[in-house]
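Student: predicted coordinates and the sequence they were generated for:
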Amino acid sequence: MSESNTTAASTADQNGAVPGEPVKKDENSRRGNWGNQIEFVLTSVGYAVGLGNVWRFPYLCYRNGGGAFMLPYFIMLVFCGIPLFFLELSFGQFASLGCLGVWKISPMFKGVGYGMMVVSTYIGIYYNVVICIAFYYFFLSMTNLLPWTYCDNPWNTADCTGVVGSGHHFNASLANATSSLVAGVSEAANRAKRTSPSEEYWKHYVLNISDDIGNFGEVRLPILGCLAVSWCVVFLCLIRGVKSSGKVVYFTATFPYVVLTILFIRGITLDGAINGIKYYLTPQWQKVLDAKVWGDAASQIFYSLGCAWGGLITMASYNKFHNNCFRDSIIISVTNCATSVYAGFVIFSILGFMAHHLNVPVSEVADHGPGLAFVAYPEALTLLPISPLWSLLFFFMLILLGLGTQFCLLETLVTAIVDEIGTDWIIRNKTVVTLGVAIAGFLLGVPLTTQAGIYWLLLMDNYAASFSLVIISCIMCICIMYIYGHRNYFKDVEMMLGFPPPLFFKVCWRFISPLIISFILIFTVIQYKPITYNDYVYPDWSLAIGFAMALSSVICIPIYALYKISRSPGATFRERLKNACRSHPKWGPALKEHRTGRYAPMASEETVEARPLKEKEELKDEEKEKEKEKKDEICLTIQGSNGSTNTHNNPNASA
């Protein structure tokens, strides 16, 4: 019995199990692994494919030359999107650590990990508010008549003009008056001073929006309740970490494609749908020469894939060490971009139908962001037969798309906290940490459910995760390629995958991707315009808060770097800097069986202590020298039979 216990304990030590817990089938029992590789791919697809694929890409595509936009979009995917995606996946998988722990690679840059955590915190707070509004619309669609169909409700104004008559048929006499259903998207709408029922429902009933960002008013209790539901769903799906979320994604990551296909089939059968699709895809090749089009393409690829959020590193850290993350990065990146293109067909087939009924250009009903999801598209749904069914499907799709991203955002924060503390207790009680983060996220989201909540949501969306992500990603590339060293990292990837990264990716990591990232940053600064919401102009003090949020993640990098340099050994600043940049002794594969070559433990050590800067041959030479020294000592000193020591070099020694 004792022998079996010893064997189990030995096995537990090999795969990193927490002492006292039964040995699991996972390669890394201490942290856990994905149940299988499909779970990781589906989770990563759910993380990358989010609301932006539905409400931003189609709008960018038609605004930047239609089909011509696809050219710079896919070029940026190949030279920036896939390489950065592969870099982050390989980074997290190699060390089996979250966005904080991986910076053992160069401890001075751990502030990059803290910056990722700050960004994920901001996004996680407001992203779940968007999901909760989708929940709200989903629940309100469970009726025979969508509540935003007509203008005869208490919240409607005299300016409201519907597109559905009392007999559920389009009222042609109102077509010219309702030249747009989305406020602020066309001059015709401003001249007519008409608003749609869906817009008034959104503004006056759902949000009951205040007149200023500083006027919070009251908390919208229905939205607050939906926010609680949303956080409960996220927590329950992550209650066992990747073990539970990995099962949930079989549904949340795949069913949106079922809904998209159903809506697509329904959309292309409608009158005017072809006009919408033509507007979406018709190439305007002259725009390819416009730098703004390339900037939009690069930005969309960068933000859509979720680079520099920390989520990719976190998800990959639960992979088995030898998983082929190169293959996964290509599959996930291409799937994400293909989903964006596919969603464009769905959106513009419906908007083409809507424009056909209103007798206006498609451009006047097209919008992006919340305006598309909660104003334009819901209005279009009222024109369809059995409109509540299509509304249920659409908002259910938005919920699932949002949850897929939210799972990874929360897991990123939880994993970073657990890895950083690293005690056996906190690893066993990871659920408590998840609950704590979920409660904190809910409480921080409460101000966004007030009457001024939409102003704050858009402020966070525009500033909290904008240029700061670009800076974080650029510094990450520089650190790995130039501080740690590209040759070292290429060897790490080869040791993990069994083959070196392809030459194309080596060139992209070192030169092309950082240049494109720098281009995105310059483009973002040049194209900056103060945020507005319809006709509302944000006051200067609110913009200052926005910039403070953006800088709060970036400022972590220099602050931690200075702290690490001050705590590093060395007589001069240069020595301290050099020591702060040097890899931590524990950098490398997490498990003992994977620490081979230059990560192999020294012969005199029983614990796993790696020397990442020593090659295997150098370690062997050191061992030989130590053996030689021991032999010399034996030759010099001989133990006598009576216990005395006879030293050959001492001529006066007694016999």
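Tutor: That came through fine. Numbering: from 1, shown residues only.
Student: quick one: neighbours of the closest residue to residue 479 other than its chain neighbours, just the number.
Tutor: Leaving aside its sequence neighbours, residue 479 sits nearest to residue 109 (CB to CB, 6 or more residues apart in numbering; 4.6 Å). C-beta: built from backbone N, CA, C; applies to glycine. Neighbour count for residue 109, taken as other CB atoms under 10 Å: 24.
Student: in a strand, residue 109, correct?
Tutor: No - Residue 109: not assigned to a strand; according to DSSP: H, G, I helix; E, B strand; the rest coil it is helix.
Student: per-residue pLDDT, it?
Tutor: Residue 109 carries a pLDDT score of 97 in this model.
Student: I'd like to know how far residue 565 sits from residue 108.
Tutor: Per CB to CB, to the nearest Å, residue 565 is found 7 Å from residue 108.
Student: with residue 27 instead?
Tutor: 30 Å.
Student: between residue 565 and residue 108, which contacts overlap?
Tutor: Here residue 565 and residue 108 have 577, 580 as joint contacts, going by CB atoms under 8 Å, 6 or more residues apart in numbering.
Student: so between those two, which is more surrounded?
Tutor: When residue 565 and residue 108 are compared for neighbours, residue 108 comes out ahead with 24 against 17, by other CB under 10 Å.
Student: wait, doesn't the more buried one sit right on residue 583?
Tutor: No - the criterion here is CB atoms under 8 Å, and residue 108 misses it with residue 583 at 10.7 Å.
Student: list the buried residues of whichever helix or strand residue 513 is part of.
Tutor: Element membership for residue 513 (DSSP states H and E) is helix 513-526. Judged by neighbour count using 16 or more other CB atoms under 10 Å, the buried positions of helix 513-526 are 513-514, 516-517, 519-521, 523-524.
Student: got CSV for these, with distance to residue 209 too?
Tutor: Shown next, in CSV, are these (distance: CB to CB, whole Å):
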residue, distance to residue 209
513, 41
514, 42
516, 38
517, 36
519, 37
520, 32
521, 33
523, 32
524, 28
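Student: would you map the strands across this protein?
Tutor: Assigned by DSSP state E, the strands in the chain fall at 532-533, 536-537, 637-639, 645-647.
Student: per-residue confidence averaged over the second one?
Tutor: What that stands for is strand 536-537. Across strand 536-537, the average pLDDT comes to 92.
Student: identify all contacting residues around that strand.
Tutor: Contacts with strand 536-537, where a contact means CB under 8 Å, 6+ apart, come from 455, 530.
Student: and that strand, how far out from the chain's middle?
Tutor: From the chain centre to the centre of strand 536-537 is a distance of 30 Å (CA atoms, centre = their mean, to the nearest Å).
Student: number the chain from 275, please
Tutor: Let's use 275 as the start, then, which means that last one is strand 810-811.
Student: what lines up beside that strand in the sheet?
Tutor: As defined by DSSP bridges, the strand partners of strand 810-811 come to strand 806-807 (antiparallel).
Student: quick check, central residue of this protein?
Tutor: Note on the chain: the residue nearest the mean C-alpha position is residue 580, at 3.7 Å, using CA atoms, centre = their mean.
Student: tell me the pLDDT of it.
Tutor: What the model reports for residue 580 is a pLDDT of 91.
Student: which ones are touching it?
Tutor: With the criterion set at CB under 8 Å, 6+ apart, residue 580 makes contact with 321-322, 324, 586, 679, 682.
Student: do residue 692 as well
Tutor: 372, 700-701, 704, 707.
Student: quick one: it from residue 698, how far?
Tutor: Taking CB to CB, one finds residue 692 at 11 Å from residue 698.
Student: tell me, how many residues neighbour the residue nearest to residue 764 when sequence neighbours are not counted?
Tutor: Distances taken as CB to CB, 6+ apart put residue 774 closest to residue 764, at 5.6 Å, once the chain neighbours are dropped. Other residues lying near residue 774 total 13 when counted by other CB under 10 Å.
Student: tell me the phi and psi of residue 774?
Tutor: phi -70, psi 160 (degrees, to the nearest 10).
Student: wait, it sits on residue 761?
Tutor: No - if you go by CB under 8 Å, residue 774 and residue 761 don't touch, sitting 10.5 Å apart.
Student: which helices and strands sit right next to the helix holding residue 787?
Tutor: Using 3 or more CB pairs under 8 Å, 6 or more residues apart in numbering; DSSP states H and E, the elements in contact with helix 787-800 are helix 356-369, helix 565-578, helix 741-752.
Student: redo that, cut-off 6 Å
Tutor: On a contact count with 3 or more CB pairs under 6 Å, 6 or more residues apart in numbering; DSSP states H and E, helix 787-800 meets helix 565-578, helix 741-752.
Student: can you count the residues close to residue 421?
Tutor: Look at residue 421: counted by other CB under 10 Å, it has 17 neighbours.
Student: same question, the one 4 residues further on
Tutor: In terms of burial, residue 425 registers 19 neighbours under the definition other CB under 10 Å.
Student: I'd say it and residue 436 touch.
Tutor: Yes - when contacts are counted by CB atoms under 6 Å, residue 425 is listed as touching residue 436 (4.9 Å).
Student: tell me, what's touching those two both at once?
Tutor: residue 471 (CB atoms under 6 Å, 6 or more residues apart in numbering).
Student: state the distance from the nearest residue to residue 672 once chain neighbours are set aside to residue 864.
Tutor: The spatial neighbour of residue 672 that comes closest, neighbours along the chain excluded (CB to CB, 6+ apart), is residue 408 at 4.2 Å. Using CB to CB, residue 408 is found at 38 Å from residue 864.
Student: between the two, who's got more neighbours?
Tutor: Using other CB under 10 Å as the criterion, residue 408 and residue 864 rank with residue 408 on top: 25 against 21.
Student: ok, now which ones touch the more buried one?
Tutor: Residue 408 makes contacts with 669, 672-673, as judged by CB under 6 Å, 6+ apart.
Student: okay, now residue 339: neighbour count?
Tutor: For residue 339, using other CB under 10 Å, the count is 23.
Student: quick one: the closest residue to it other than its chain neighbours and residue 823, what's the gap?
Tutor: Among residues not flanking residue 339 along the chain, residue 561 sits closest, at 3.5 Å (CB to CB, 6+ apart). Using CB to CB, residue 561 is found at 33 Å from residue 823.
Student: which residue of the two possesses the greater neighbour count?
Tutor: residue 823 (20 against 17).
Student: thought that one was touching residue 738?
Tutor: Yes - with contacts counted by CB under 6 Å, residue 823 reaches residue 738, the gap being 4.6 Å.
Student: buried ones among the contacts of residue 408?
Tutor: Taking 16+ other CB under 10 Å as the criterion, what is buried in the contacts of residue 408 is 669, 672-673.
Student: the residue nearest to residue 753 and residue 348, how far apart?
Tutor: To residue 348, residue 383 is 32 Å away according to CB to CB.
Student: again, but for residue 727
Tutor: According to CB to CB, residue 727 stands 37 Å off from residue 348.
Student: can you check residue 325 too?
Tutor: The spacing between residue 325 and residue 348, counted by CB to CB, is 22 Å.
Student: these two: which is more packed in?
Tutor: Set residue 325 next to residue 348 and count neighbours by other CB under 10 Å: residue 325 wins out with 21 against 16.
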